[in-house]
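Colleague: okay, sequence plus prediction incoming.
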Amino acid sequence: MENFTVYNPTCLYFGKQVTNNLNKTINELKVKKILFMYGKGSIKNNGIYDSIAEQLKISGVDFIEYSGIKSNPTVDDVEKASILCRKSKVDLVLAVGGGSVIDSGKITALCINEPNDPWKIMKAQIHVNSALPIIAVLTVAATGTEMNPYAVLQNTLTQEKIGYGCNLMFPKYSFLDPQFTYSVPANQTAYGIVDLIAHTLEAWFGQGDASLSDRFIISIIKEAIELAPLLLKNPSNYEYRAKMMWAATCALNGIPAYGRSTCDWGVHDIGHTLSFLYDTPHGASLSIAYPAWMKLQANRIPKRISLLGEALFNTSSTSETISRFEKFFTSIGSPIRANECGIKSDNKKEILALMIKNKITGYIHQLTEKDYIKITDTIFA
Ligand code: NZQ
Ligand code: ZN
(Lines give C-alpha, C1' and ligand atoms only; values in the text may rest on other atoms or scores of the structure.)
(Ligands and ions follow the chains in the order given, each with its own letter.)
Protein backbone atom coordinates (compact mmCIF):
# COMPACT_ATOMS: atom_id res chain seq x y z
CA MET A 1 0.00 0.00 0.00
CA GLU A 2 1.11 3.55 -0.71
CA ASN A 3 0.73 6.39 1.79
CA PHE A 4 -2.58 8.22 1.50
CA THR A 5 -4.73 10.90 3.10
CA VAL A 6 -8.44 10.70 3.74
CA TYR A 7 -10.21 14.04 3.66
CA ASN A 8 -13.78 14.51 2.53
CA PRO A 9 -15.73 17.32 4.17
CA THR A 10 -18.81 17.18 1.92
CA CYS A 11 -22.07 16.76 3.81
CA LEU A 12 -24.18 14.68 1.46
CA TYR A 13 -27.96 14.39 1.74
CA PHE A 14 -29.26 11.42 -0.23
CA GLY A 15 -32.84 10.31 -0.87
CA LYS A 16 -36.39 11.31 -1.71
CA GLN A 17 -37.21 15.02 -1.33
CA VAL A 18 -33.91 15.86 0.36
CA THR A 19 -33.97 19.30 -1.26
CA ASN A 20 -36.99 20.16 0.89
CA ASN A 21 -34.41 21.11 3.51
CA LEU A 22 -32.31 23.25 1.19
CA ASN A 23 -33.83 26.45 2.61
CA LYS A 24 -32.71 25.52 6.13
CA THR A 25 -29.18 24.71 4.97
CA ILE A 26 -28.98 28.06 3.20
CA ASN A 27 -30.18 29.92 6.29
CA GLU A 28 -27.65 28.14 8.50
CA LEU A 29 -24.87 29.45 6.27
CA LYS A 30 -26.09 33.03 6.90
CA VAL A 31 -25.40 34.13 3.34
CA LYS A 32 -26.80 37.26 1.74
CA LYS A 33 -26.67 36.58 -1.99
CA ILE A 34 -26.59 33.36 -3.97
CA LEU A 35 -25.47 32.51 -7.48
CA PHE A 36 -27.92 29.91 -8.82
CA MET A 37 -26.10 28.20 -11.68
CA TYR A 38 -27.61 25.72 -14.13
CA GLY A 39 -27.33 24.31 -17.63
CA LYS A 40 -29.22 24.53 -20.89
CA GLY A 41 -32.70 24.14 -19.50
CA SER A 42 -33.40 20.51 -18.54
CA ILE A 43 -34.18 21.68 -15.01
CA LYS A 44 -36.92 23.94 -16.37
CA ASN A 45 -38.53 21.04 -18.25
CA ASN A 46 -38.48 18.52 -15.40
CA GLY A 47 -39.63 20.83 -12.59
CA ILE A 48 -36.35 20.90 -10.65
CA TYR A 49 -35.94 24.63 -11.32
CA ASP A 50 -39.31 25.38 -9.73
CA SER A 51 -38.62 23.32 -6.62
CA ILE A 52 -35.20 24.94 -6.10
CA ALA A 53 -36.58 28.43 -6.73
CA GLU A 54 -39.27 27.68 -4.14
CA GLN A 55 -36.57 26.73 -1.61
CA LEU A 56 -34.71 29.96 -2.34
CA LYS A 57 -37.92 31.91 -1.87
CA ILE A 58 -38.60 30.23 1.50
CA SER A 59 -35.04 30.99 2.63
CA GLY A 60 -35.63 34.65 1.86
CA VAL A 61 -32.09 35.01 0.51
CA ASP A 62 -31.60 37.09 -2.61
CA PHE A 63 -30.21 35.29 -5.68
CA ILE A 64 -29.01 35.86 -9.21
CA GLU A 65 -28.86 33.27 -11.97
CA TYR A 66 -26.23 32.16 -14.45
CA SER A 67 -27.59 29.59 -16.88
CA GLY A 68 -26.64 28.05 -20.21
CA ILE A 69 -23.62 26.07 -19.00
CA LYS A 70 -22.94 23.60 -21.78
CA SER A 71 -21.87 19.98 -21.56
CA ASN A 72 -18.08 19.89 -21.86
CA PRO A 73 -18.19 23.28 -20.14
CA THR A 74 -15.93 26.16 -21.11
CA VAL A 75 -13.81 28.48 -19.04
CA ASP A 76 -15.48 31.44 -20.82
CA ASP A 77 -18.71 30.82 -18.94
CA VAL A 78 -16.87 30.61 -15.64
CA GLU A 79 -15.12 33.91 -16.35
CA LYS A 80 -18.41 35.61 -17.16
CA ALA A 81 -20.16 34.10 -14.13
CA SER A 82 -17.41 35.14 -11.75
CA ILE A 83 -17.33 38.73 -13.03
CA LEU A 84 -21.10 38.97 -12.67
CA CYS A 85 -20.92 37.57 -9.16
CA ARG A 86 -18.16 39.85 -7.96
CA LYS A 87 -20.23 42.82 -9.09
CA SER A 88 -23.28 41.44 -7.28
CA LYS A 89 -21.38 40.51 -4.11
CA VAL A 90 -22.44 36.86 -4.20
CA ASP A 91 -21.38 34.80 -1.19
CA LEU A 92 -22.61 31.26 -2.06
CA VAL A 93 -22.60 29.22 -5.27
CA LEU A 94 -25.58 26.90 -5.76
CA ALA A 95 -24.94 24.63 -8.76
CA VAL A 96 -27.92 22.58 -9.95
CA GLY A 97 -27.17 20.07 -12.69
CA GLY A 98 -24.70 17.45 -13.81
CA GLY A 99 -20.92 17.48 -13.77
CA SER A 100 -20.71 20.35 -16.25
CA VAL A 101 -22.72 22.74 -14.10
CA ILE A 102 -21.24 21.67 -10.77
CA ASP A 103 -17.66 21.84 -12.11
CA SER A 104 -18.33 25.33 -13.48
CA GLY A 105 -19.77 26.31 -10.11
CA LYS A 106 -16.69 25.04 -8.31
CA ILE A 107 -14.23 27.08 -10.38
CA THR A 108 -16.52 30.11 -10.23
CA ALA A 109 -16.43 29.83 -6.42
CA LEU A 110 -12.63 30.04 -6.54
CA CYS A 111 -12.75 33.19 -8.64
CA ILE A 112 -15.44 35.25 -6.99
CA ASN A 113 -13.84 35.76 -3.63
CA GLU A 114 -10.58 36.94 -5.12
CA PRO A 115 -10.31 38.19 -8.71
CA ASN A 116 -8.58 35.04 -9.90
CA ASP A 117 -8.10 34.03 -13.52
CA PRO A 118 -9.74 30.59 -13.77
CA TRP A 119 -7.63 29.23 -16.60
CA LYS A 120 -4.37 30.43 -15.07
CA ILE A 121 -5.27 28.65 -11.83
CA MET A 122 -6.20 25.43 -13.59
CA LYS A 123 -3.34 25.37 -16.07
CA ALA A 124 -0.58 26.26 -13.62
CA GLN A 125 -2.24 24.25 -10.80
CA ILE A 126 -2.02 27.37 -8.61
CA HIS A 127 -2.94 27.02 -4.96
CA VAL A 128 -5.88 29.23 -4.01
CA ASN A 129 -6.39 30.32 -0.40
CA SER A 130 -10.09 30.99 -0.24
CA ALA A 131 -13.29 30.26 -2.08
CA LEU A 132 -17.00 30.70 -1.63
CA PRO A 133 -18.97 27.75 -0.26
CA ILE A 134 -20.59 25.53 -2.87
CA ILE A 135 -23.90 23.72 -2.63
CA ALA A 136 -24.48 21.10 -5.32
CA VAL A 137 -27.84 19.67 -6.35
CA LEU A 138 -27.07 16.73 -8.60
CA THR A 139 -29.37 15.87 -11.51
CA VAL A 140 -27.42 13.14 -13.31
CA ALA A 141 -25.45 10.19 -11.95
CA ALA A 142 -22.01 10.14 -13.53
CA THR A 143 -19.00 12.16 -12.49
CA GLY A 144 -18.75 12.01 -8.70
CA THR A 145 -18.14 15.77 -8.63
CA GLU A 146 -20.80 16.02 -5.91
CA MET A 147 -18.37 14.54 -3.38
CA ASN A 148 -14.93 15.35 -4.71
CA PRO A 149 -12.64 18.38 -5.06
CA TYR A 150 -12.22 18.26 -8.87
CA ALA A 151 -13.47 20.22 -11.85
CA VAL A 152 -12.84 19.83 -15.57
CA LEU A 153 -13.16 22.68 -18.07
CA GLN A 154 -12.16 23.29 -21.65
CA ASN A 155 -10.57 26.30 -23.29
CA THR A 156 -11.37 26.97 -26.93
CA LEU A 157 -8.33 29.19 -27.42
CA THR A 158 -5.71 26.77 -26.09
CA GLN A 159 -7.57 23.69 -27.41
CA GLU A 160 -7.44 21.88 -24.08
CA LYS A 161 -9.80 20.16 -21.69
CA ILE A 162 -8.12 19.81 -18.31
CA GLY A 163 -8.88 19.05 -14.70
CA TYR A 164 -8.02 20.86 -11.49
CA GLY A 165 -8.39 19.81 -7.88
CA CYS A 166 -8.37 21.79 -4.65
CA ASN A 167 -9.83 21.02 -1.23
CA LEU A 168 -11.81 24.26 -1.32
CA MET A 169 -13.84 22.77 -4.15
CA PHE A 170 -15.48 19.99 -2.17
CA PRO A 171 -19.13 21.02 -2.13
CA LYS A 172 -20.03 22.03 1.41
CA TYR A 173 -23.39 20.33 0.93
CA SER A 174 -24.60 18.04 -1.82
CA PHE A 175 -28.23 17.09 -2.33
CA LEU A 176 -28.87 13.86 -4.22
CA ASP A 177 -32.50 13.01 -4.90
CA PRO A 178 -32.51 10.03 -7.28
CA GLN A 179 -35.97 11.14 -8.49
CA PHE A 180 -34.24 14.15 -10.06
CA THR A 181 -32.55 11.73 -12.47
CA TYR A 182 -35.77 10.10 -13.79
CA SER A 183 -35.78 12.49 -16.75
CA VAL A 184 -32.16 11.81 -17.78
CA PRO A 185 -32.43 10.36 -21.31
CA ALA A 186 -31.25 6.82 -22.04
CA ASN A 187 -28.05 7.87 -23.82
CA GLN A 188 -26.99 10.22 -21.04
CA THR A 189 -27.85 7.56 -18.45
CA ALA A 190 -25.57 5.13 -20.28
CA TYR A 191 -22.74 7.68 -20.54
CA GLY A 192 -22.97 8.19 -16.79
CA ILE A 193 -22.66 4.45 -16.23
CA VAL A 194 -19.58 4.31 -18.47
CA ASP A 195 -18.09 7.28 -16.65
CA LEU A 196 -18.47 5.76 -13.20
CA ILE A 197 -16.92 2.50 -14.39
CA ALA A 198 -14.09 4.46 -16.01
CA HIS A 199 -13.37 6.25 -12.73
CA THR A 200 -12.88 2.96 -10.93
CA LEU A 201 -10.70 1.68 -13.78
CA GLU A 202 -8.48 4.76 -13.62
CA ALA A 203 -7.87 3.78 -9.99
CA TRP A 204 -7.50 0.07 -10.83
CA PHE A 205 -4.70 0.96 -13.23
CA GLY A 206 -3.14 3.43 -10.80
CA GLN A 207 -0.08 3.02 -8.59
CA GLY A 208 -0.20 0.94 -5.43
CA ASP A 209 -1.22 -2.47 -4.18
CA ALA A 210 -4.52 -1.70 -2.45
CA SER A 211 -6.53 -4.89 -2.14
CA LEU A 212 -9.46 -3.41 -0.22
CA SER A 213 -9.80 -0.60 -2.76
CA ASP A 214 -9.62 -3.24 -5.51
CA ARG A 215 -12.52 -5.08 -3.90
CA PHE A 216 -14.54 -1.85 -3.70
CA ILE A 217 -13.81 -1.29 -7.39
CA ILE A 218 -15.02 -4.74 -8.39
CA SER A 219 -18.19 -4.26 -6.33
CA ILE A 220 -18.90 -0.87 -7.89
CA ILE A 221 -18.42 -2.18 -11.43
CA LYS A 222 -20.55 -5.28 -10.71
CA GLU A 223 -23.27 -3.07 -9.25
CA ALA A 224 -23.23 -0.88 -12.38
CA ILE A 225 -23.16 -3.78 -14.84
CA GLU A 226 -26.01 -5.62 -13.09
CA LEU A 227 -28.20 -2.55 -12.62
CA ALA A 228 -27.64 -1.00 -16.05
CA PRO A 229 -30.10 -3.10 -18.12
CA LEU A 230 -32.73 -2.93 -15.39
CA LEU A 231 -32.41 0.83 -15.08
CA LEU A 232 -32.46 1.44 -18.82
CA LYS A 233 -35.69 -0.59 -19.07
CA ASN A 234 -37.22 1.15 -16.03
CA PRO A 235 -35.87 4.72 -16.00
CA SER A 236 -38.33 5.83 -13.33
CA ASN A 237 -37.59 3.02 -10.91
CA TYR A 238 -36.44 4.66 -7.68
CA GLU A 239 -34.27 1.79 -6.43
CA TYR A 240 -32.35 1.44 -9.69
CA ARG A 241 -31.79 5.19 -10.02
CA ALA A 242 -30.77 5.46 -6.36
CA LYS A 243 -28.31 2.59 -6.47
CA MET A 244 -26.70 3.86 -9.68
CA MET A 245 -26.46 7.37 -8.26
CA TRP A 246 -24.67 6.15 -5.15
CA ALA A 247 -22.36 3.93 -7.22
CA ALA A 248 -21.37 6.98 -9.28
CA THR A 249 -20.63 8.99 -6.15
CA CYS A 250 -18.50 6.21 -4.64
CA ALA A 251 -16.58 5.72 -7.88
CA LEU A 252 -14.84 9.08 -7.51
CA ASN A 253 -15.10 10.17 -3.90
CA GLY A 254 -11.74 8.70 -2.92
CA ILE A 255 -12.69 5.14 -1.93
CA PRO A 256 -11.26 3.36 -5.01
CA ALA A 257 -8.02 5.31 -4.71
CA TYR A 258 -7.10 4.85 -1.03
CA GLY A 259 -3.83 2.96 -0.75
CA ARG A 260 -2.60 4.21 -4.11
CA SER A 261 -0.24 7.10 -4.74
CA THR A 262 -2.18 8.10 -7.85
CA CYS A 263 -4.77 6.95 -10.36
CA ASP A 264 -3.74 6.86 -14.03
CA TRP A 265 -6.17 9.22 -15.86
CA GLY A 266 -4.63 8.51 -19.30
CA VAL A 267 -7.93 7.30 -20.74
CA HIS A 268 -9.69 10.43 -19.53
CA ASP A 269 -7.04 12.48 -21.33
CA ILE A 270 -7.71 10.58 -24.56
CA GLY A 271 -11.46 11.04 -24.09
CA HIS A 272 -11.03 14.78 -23.47
CA THR A 273 -9.36 15.04 -26.89
CA LEU A 274 -12.51 13.69 -28.57
CA SER A 275 -14.76 15.85 -26.39
CA PHE A 276 -12.76 18.96 -27.21
CA LEU A 277 -12.72 18.34 -30.96
CA TYR A 278 -16.21 16.91 -31.55
CA ASP A 279 -18.15 17.75 -28.39
CA THR A 280 -18.38 14.02 -27.71
CA PRO A 281 -20.25 13.48 -24.42
CA HIS A 282 -17.77 12.60 -21.69
CA GLY A 283 -18.98 9.03 -21.05
CA ALA A 284 -19.21 8.28 -24.78
CA SER A 285 -15.61 9.39 -25.24
CA LEU A 286 -14.58 6.91 -22.52
CA SER A 287 -16.41 3.89 -23.94
CA ILE A 288 -14.45 4.56 -27.15
CA ALA A 289 -11.12 5.24 -25.44
CA TYR A 290 -11.05 2.51 -22.76
CA PRO A 291 -11.11 -0.57 -25.03
CA ALA A 292 -8.47 1.03 -27.28
CA TRP A 293 -6.25 1.82 -24.29
CA MET A 294 -6.65 -1.66 -22.81
CA LYS A 295 -5.76 -3.25 -26.16
CA LEU A 296 -2.58 -1.15 -26.18
CA GLN A 297 -1.77 -2.20 -22.61
CA ALA A 298 -2.71 -5.89 -22.96
CA ASN A 299 0.91 -7.01 -23.39
CA ARG A 300 2.33 -4.46 -20.95
CA ILE A 301 0.09 -5.09 -17.93
CA PRO A 302 -1.60 -8.42 -18.74
CA LYS A 303 -1.91 -9.47 -15.11
CA ARG A 304 -3.87 -6.41 -14.08
CA ILE A 305 -6.28 -6.82 -17.00
CA SER A 306 -6.67 -10.57 -16.34
CA LEU A 307 -7.42 -9.97 -12.67
CA LEU A 308 -10.20 -7.64 -13.73
CA GLY A 309 -11.52 -10.27 -16.14
CA GLU A 310 -11.44 -12.98 -13.47
CA ALA A 311 -13.32 -10.86 -10.96
CA LEU A 312 -15.91 -9.47 -13.36
CA PHE A 313 -16.36 -11.86 -16.25
CA ASN A 314 -14.98 -15.17 -15.09
CA THR A 315 -12.17 -15.14 -17.64
CA SER A 316 -8.44 -14.58 -17.31
CA SER A 317 -8.04 -13.84 -21.02
CA THR A 318 -7.11 -10.21 -21.59
CA SER A 319 -8.74 -10.09 -25.03
CA GLU A 320 -11.94 -11.66 -23.71
CA THR A 321 -11.98 -9.17 -20.82
CA ILE A 322 -11.67 -6.22 -23.21
CA SER A 323 -14.29 -7.71 -25.50
CA ARG A 324 -16.70 -8.14 -22.55
CA PHE A 325 -16.31 -4.45 -21.70
CA GLU A 326 -17.00 -3.58 -25.34
CA LYS A 327 -20.08 -5.80 -25.38
CA PHE A 328 -21.35 -4.21 -22.19
CA PHE A 329 -20.85 -0.65 -23.46
CA THR A 330 -22.60 -1.58 -26.72
CA SER A 331 -25.47 -3.25 -24.85
CA ILE A 332 -26.26 -0.03 -23.01
CA GLY A 333 -25.99 2.12 -26.14
CA SER A 334 -22.63 3.78 -25.57
CA PRO A 335 -20.27 3.88 -28.59
CA ILE A 336 -17.06 1.86 -28.74
CA ARG A 337 -15.78 3.24 -32.04
CA ALA A 338 -15.44 6.86 -33.12
CA ASN A 339 -17.64 6.49 -36.21
CA GLU A 340 -20.59 5.55 -33.97
CA CYS A 341 -20.76 9.17 -32.88
CA GLY A 342 -20.19 10.68 -36.27
CA ILE A 343 -16.42 11.10 -36.10
CA LYS A 344 -14.99 10.18 -39.52
CA SER A 345 -11.69 8.40 -40.13
CA ASP A 346 -10.63 11.53 -42.11
CA ASN A 347 -10.37 13.11 -38.66
CA LYS A 348 -7.63 10.75 -37.53
CA LYS A 349 -4.84 13.23 -38.35
CA GLU A 350 -6.55 16.01 -36.44
CA ILE A 351 -7.00 13.78 -33.37
CA LEU A 352 -3.36 12.69 -33.50
CA ALA A 353 -2.17 16.28 -33.88
CA LEU A 354 -4.07 17.39 -30.79
CA MET A 355 -2.86 14.42 -28.75
CA ILE A 356 0.72 15.32 -29.70
CA LYS A 357 0.22 19.03 -28.99
CA ASN A 358 -1.34 18.37 -25.58
CA LYS A 359 1.06 15.53 -24.73
CA ILE A 360 -1.77 13.19 -23.74
CA THR A 361 -0.62 10.66 -21.17
CA GLY A 362 -1.39 8.86 -17.94
CA TYR A 363 0.35 9.47 -14.64
CA ILE A 364 1.49 5.84 -14.45
CA HIS A 365 1.19 4.43 -17.95
CA GLN A 366 3.05 6.93 -20.11
CA LEU A 367 1.83 7.22 -23.68
CA THR A 368 4.13 7.89 -26.64
CA GLU A 369 3.38 9.21 -30.11
CA LYS A 370 3.53 5.62 -31.39
CA ASP A 371 0.89 4.73 -28.81
CA TYR A 372 -1.32 7.57 -30.06
CA ILE A 373 -1.21 6.01 -33.53
CA LYS A 374 -2.19 2.59 -32.19
CA ILE A 375 -5.00 4.08 -30.11
CA THR A 376 -6.41 6.12 -33.00
CA ASP A 377 -6.16 3.09 -35.31
CA THR A 378 -8.24 1.11 -32.82
CA ILE A 379 -10.88 3.73 -32.29
CA PHE A 380 -11.49 3.75 -36.05
CA ALA A 381 -11.11 -0.04 -36.51
O1 NZQ B 1 -27.61 21.37 -19.80
P2 NZQ B 1 -28.78 20.71 -19.16
O3 NZQ B 1 -30.06 21.26 -19.62
O4 NZQ B 1 -28.65 20.63 -17.68
O5 NZQ B 1 -28.81 19.17 -19.73
C6 NZQ B 1 -27.88 18.20 -19.36
C7 NZQ B 1 -26.87 17.91 -20.47
O8 NZQ B 1 -27.48 18.06 -21.72
C9 NZQ B 1 -28.56 16.86 -19.24
N10 NZQ B 1 -29.18 16.63 -17.94
C11 NZQ B 1 -28.62 16.76 -16.71
N12 NZQ B 1 -29.51 16.41 -15.76
C13 NZQ B 1 -30.64 16.06 -16.40
C14 NZQ B 1 -30.45 16.20 -17.78
N15 NZQ B 1 -31.41 15.93 -18.69
C16 NZQ B 1 -32.60 15.52 -18.23
N17 NZQ B 1 -32.87 15.34 -16.92
C18 NZQ B 1 -31.92 15.60 -15.97
N19 NZQ B 1 -32.19 15.40 -14.69
O20 NZQ B 1 -27.54 15.91 -19.41
C21 NZQ B 1 -26.56 16.44 -20.30
C22 NZQ B 1 -25.19 16.17 -19.74
O23 NZQ B 1 -24.94 16.91 -18.59
P24 NZQ B 1 -23.45 17.05 -18.04
O25 NZQ B 1 -23.50 17.85 -16.80
O26 NZQ B 1 -22.57 17.51 -19.13
O27 NZQ B 1 -23.10 15.51 -17.75
P28 NZQ B 1 -22.13 14.85 -16.72
O29 NZQ B 1 -22.69 14.86 -15.36
O30 NZQ B 1 -21.78 13.57 -17.34
O31 NZQ B 1 -20.85 15.81 -16.67
C32 NZQ B 1 -19.84 15.74 -17.64
C33 NZQ B 1 -18.74 16.73 -17.34
O34 NZQ B 1 -18.08 16.42 -16.10
C35 NZQ B 1 -16.68 16.30 -16.32
C36 NZQ B 1 -16.60 15.82 -17.74
O37 NZQ B 1 -15.32 16.01 -18.29
C38 NZQ B 1 -17.67 16.66 -18.42
O39 NZQ B 1 -17.17 17.94 -18.73
N40 NZQ B 1 -16.09 15.42 -15.31
C41 NZQ B 1 -15.96 15.88 -14.06
C42 NZQ B 1 -15.34 15.16 -13.07
C43 NZQ B 1 -15.22 15.69 -11.70
N44 NZQ B 1 -15.52 16.93 -11.46
O45 NZQ B 1 -14.81 14.95 -10.80
C46 NZQ B 1 -14.74 13.84 -13.32
C47 NZQ B 1 -15.20 13.23 -14.59
O48 NZQ B 1 -14.23 12.30 -15.01
C49 NZQ B 1 -15.47 14.18 -15.70
O50 NZQ B 1 -14.23 14.48 -16.36
ZN1 ZN C 1 -14.95 10.78 -16.00
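Modeller: Cool, the structure landed. Ligands and ions are numbered 1, 2, ... in the order given.

Colleague: okay, CA-based contacts and neighbour counts for the rest of this
Modeller: Fine.

Colleague: tell me the secondary structure for the closest residue to residue 48 other than its chain neighbours?
Modeller: In this structure, residue 48 finds its nearest non-sequential neighbour in residue 180, 7.1 Å apart by Cα to Cα, 6 or more residues apart in numbering. Under DSSP: H, G, I helix; E, B strand; the rest coil, the three-state class of residue 180 is helix.

Colleague: and for residue 37?
Modeller: Quick answer, by three-state DSSP: residue 37 is strand.

Colleague: tell me what it is bridged to.
Modeller: residue 66, residue 95 (DSSP bridges).

Colleague: can you tell me how far it is from ligand 1?
Modeller: 10 Å (Cα to the nearest ligand atom, to the nearest Å).

Colleague: what residues of the helix or strand hosting residue 153 count as buried?
Modeller: In this structure, residue 153 sits in strand 150-155 according to DSSP states H and E. In terms of neighbour count (16 or more other Cα atoms under 10 Å), strand 150-155 has its buried residues at 150-155.

Colleague: likewise stretch 356-366?
Modeller: For stretch 356-366, by 16+ other Cα under 10 Å, it's 360-362, 365.

Colleague: these in strands, which ones?
Modeller: Per DSSP state E, strands hold no members of these.

Colleague: just send those residues back as JSON lines, with pLDDT and distance to ligand 1 too.
Modeller: Shown next, in JSON lines, are these (pLDDT from 0 to 100; distance: Cα to the nearest ligand atom, whole Å):
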{"residue": "360", "pLDDT": "97", "distance to ligand 1": "15"}
{"residue": "361", "pLDDT": "98", "distance to ligand 1": "15"}
{"residue": "362", "pLDDT": "98", "distance to ligand 1": "14"}
{"residue": "365", "pLDDT": "98", "distance to ligand 1": "18"}
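
Colleague: among those residues, which two are most distant?
Modeller: 360 and 365 (10.9 Å; Cα to Cα).

Colleague: what do these two both touch?
Modeller: residue 266 (Cα atoms under 8 Å, 6 or more residues apart in numbering).

Colleague: show me where the stretch 251-381 of the chain has helices.
Modeller: 266-278, 282-297, 302-313, 318-331, 348-358, 369-379 (DSSP state H, counting those that start in this stretch).

Colleague: counting contacts, what elements does the last one pack onto?
Modeller: Using 3 or more Cα pairs under 8 Å, 6 or more residues apart in numbering; DSSP states H and E as the contact definition, the elements that helix 369-379 packs against are helix 282-297, helix 348-358.

Colleague: so which of the ones you listed is the most packed in?
Modeller: helix 282-297 (a mean of 25; mean count of other Cα atoms under 10 Å).

Colleague: what about it, distance to the chain center?
Modeller: 15 Å (Cα atoms, centre = their mean, to the nearest Å).
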